[in-house]
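> my questions are about this predicted structure, shown below with the sequence.
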Amino acid sequence: MSTQEPSPPSDSPAPRRPTLYWEYIKVEELLALQSGLSDTDARLSNDEVMFIVVHQVDELWFKLVLRELVTVRDLFSQPHVPETALASAVRSLRRVVVLFSQLSNHFELMETLTTRDYLAFRDKLSPASGFQSAQLREIEVLLGLNDDERIPLGHEGSYQAALKHPGGEPSPALARLKARLDESVTLHSALNDWLYRTPIQGSTPDQTQDETVVDTFLNEYLQAVEREGKNFTVLAMRDALTPQDQERLQLRHERGMASARAFLHAEDVTAPMRPREKRLRAALVFIESYRELPLLSWPREVVDALVAMEQAMLVFRQRHARMVERVIGRRTGTGGSAGVDYLDQTALTYRVFKNLWAVRTLLLREEALPALRHAERYEVRVES
Ligand code: HEM
Ligand SMILES: N[C@@H](CC(=O)c1ccccc1NC=O)C(=O)O
């Protein structure tokens, strides 16, 4: 009698080979990547290997940020964005918030590098710089940062030129960035197209061209802002110490109202763009104000997650600038920039979702809001 195990039936699948951790994570390949300009990291100081590892980890976080933002951009670039998909968009944006928080936290590790120890290997880095981080550029382009909003940097004058080889040949990173620039839809433009279709005060999608819907809502809303502003000013003036203070408070209220009107009537954009911009801003005020309505609750979470994401990115820029100031002071960067001064300017001025931030100046307490019309049109409809 044969003691051999019966051979498996010929149509059964081959026995599965066990997955090996180091093969799946590619640990050996990964641990061989920290050599910098040397042939092995064994010749480098702990400081320089840490410097390289922090950059590599950060580029991997940028990779995850890009994946999540592409997913969200693609979702909002659909002609109809399913209500059931908004929760996943919020999850993706909240992951990006955590990723930028991790990126900011890594600068605490970088700050264990003393200035003198960094200067021990800094010279050989020039002209390399994080200014050549193509993935951060891709993230900025994908979000919707326009070229004319960028702060020029030193000698090469263009963030794209910084991605070329010394002889001027394009790099794979530049090719990826150009591909991103060639995409017609950014997250900002896709979000605006979605916002533009918001049913304000019960309007229907085919009424998006009807300016009376927006004008009526905005006029009612501005009257409510005026009432609230007046009440606040009366209380503040009652407590004012001098007539000059009272006059200052009254002037501040009048300026606030003028600014609110100018923003909601989109006086800052050219006349052809004004009706669209007014509807976008009215939609944001509407979503934020009537968020208890089932159809508006997830849209409000989307708006808030976008603001949280841009805040996390802004904090990353600021945190990088403070680390740079601690490590190299205010000297010129290896990339040719003014260093910290340049970085602080980017943190201060690079904003994509400007309207989402600006409307927060105008939001009102729930009791002061204009009456909602057609509440029944905001019930959740389960799409087949
Ligand atoms: C000792 C550590 C570091 C120093 C001294 C430093 C310094 C600088 C300076 C001076 C700039 C301005 C461009 C230039 O002239 O070079 C810059 C840009 C940049 N750095 Fe760093 N950096 C450090 C670490 C990092 C790390 C760990 C990251 C990882 C994410 C990073 C990412 C960037 C990026 C993305 C830019 C371009 C910023 C922009 O143009 O908006 N840097 N860095
Ligand atoms: N721009 C930095 C150099 C630097 O940080 C750097 C150099 C090479 C590769 C990545 C870098 N990180 C960020 O800029 C400096 O001025 O010291």
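Now that the structure is in, tell me what you want to look at. Residues are numbered from 1 along each chain as shown. Ligands and ions are numbered 1, 2, ... in the order given.

> C-alpha from now on. contacts and neighbour counts both.
Will do.

> get me the contact residues on the stretch 1-150 of the chain for ligand 1.
For the stretch 1-150 of the chain, the residues in contact with ligand 1 (C-alpha under 6 Å from any ligand atom) are 54-55, 58, 129-131, 133, 136.

> and the residues you listed, which of them are buried?
54-55, 58, 131, 133, 136 (16 or more other C-alpha atoms under 10 Å).

> show me which of those residues neighbour ligand 2.
Applying C-alpha under 6 Å from any ligand atom to those, one finds that residue 131 fall near ligand 2.

> now render the buried ones among the residues of the stretch 1-150 of the chain next to ligand 1 as CSV, adding pLDDT and secondary structure.
Below are these laid out as CSV (pLDDT from 0 to 100; DSSP: H, G, I helix; E, B strand; the rest coil):
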residue, pLDDT, secondary structure
54, 98, helix
55, 98, helix
58, 98, helix
131, 89, helix
133, 94, coil
136, 97, helix
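
> got a pLDDT number for the spatially most central residue of the chain?
Centroid-nearest residue in the chain, with C-alpha atoms, centre = their mean: residue 310, separated by 3.6 Å. Among the per-residue scores, residue 310 holds a pLDDT of 98.

> next up, the contacts around it.
Residue 310 makes contact with 351-353, according to C-alpha atoms under 8 Å, 6 or more residues apart in numbering.

> could the buried ones among the residues of the stretch 1-150 of the chain next to ligand 1 go into CSV alongside distance to residue 10?
Converted to CSV, these look like this (distance: C-alpha to C-alpha, whole Å):
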residue, distance to residue 10
54, 51
55, 51
58, 49
131, 59
133, 53
136, 53
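
> which residues in this protein form helices?
21-24, 27-31, 46-76, 86-110, 115-122, 134-143, 172-182, 187-196, 211-238, 243-264, 274-289, 294-328, 340-349, 354-358 (DSSP state H).

> okay, now the unreliable bits of the stretch 251-384 of the chain?
Within the stretch 251-384 of the chain, the ranges that satisfy pLDDT under 70 run 381-384.

> what residues does it put near ligand 1?
Within the stretch 251-384 of the chain, the positions adjacent to ligand 1 are 324, 327-328, 333-337, 339, 346 by C-alpha under 6 Å from any ligand atom.

> swap in 5 Å and give it another go.
Counting by C-alpha under 5 Å from any ligand atom, the stretch 251-384 of the chain comes close to ligand 1 at 324, 333-337, 339.

> which bits of this structure sit near ligand 2?
Residues of the chain that fall close to ligand 2, judged by C-alpha under 5 Å from any ligand atom: 128-130, 333-334.

> swap in 8 Å and give it another go.
Counting by C-alpha under 8 Å from any ligand atom, the residues of the chain close to ligand 2 are 52, 55, 122, 125-132, 324, 328, 331-336, 339.

> so what's the residue count around residue 57?
14 (other C-alpha atoms under 10 Å).

> I meant to write residue 204 there.
By other C-alpha under 10 Å, 14 other residues sit near residue 204.

> equivalent analysis for residue 43, please.
11.
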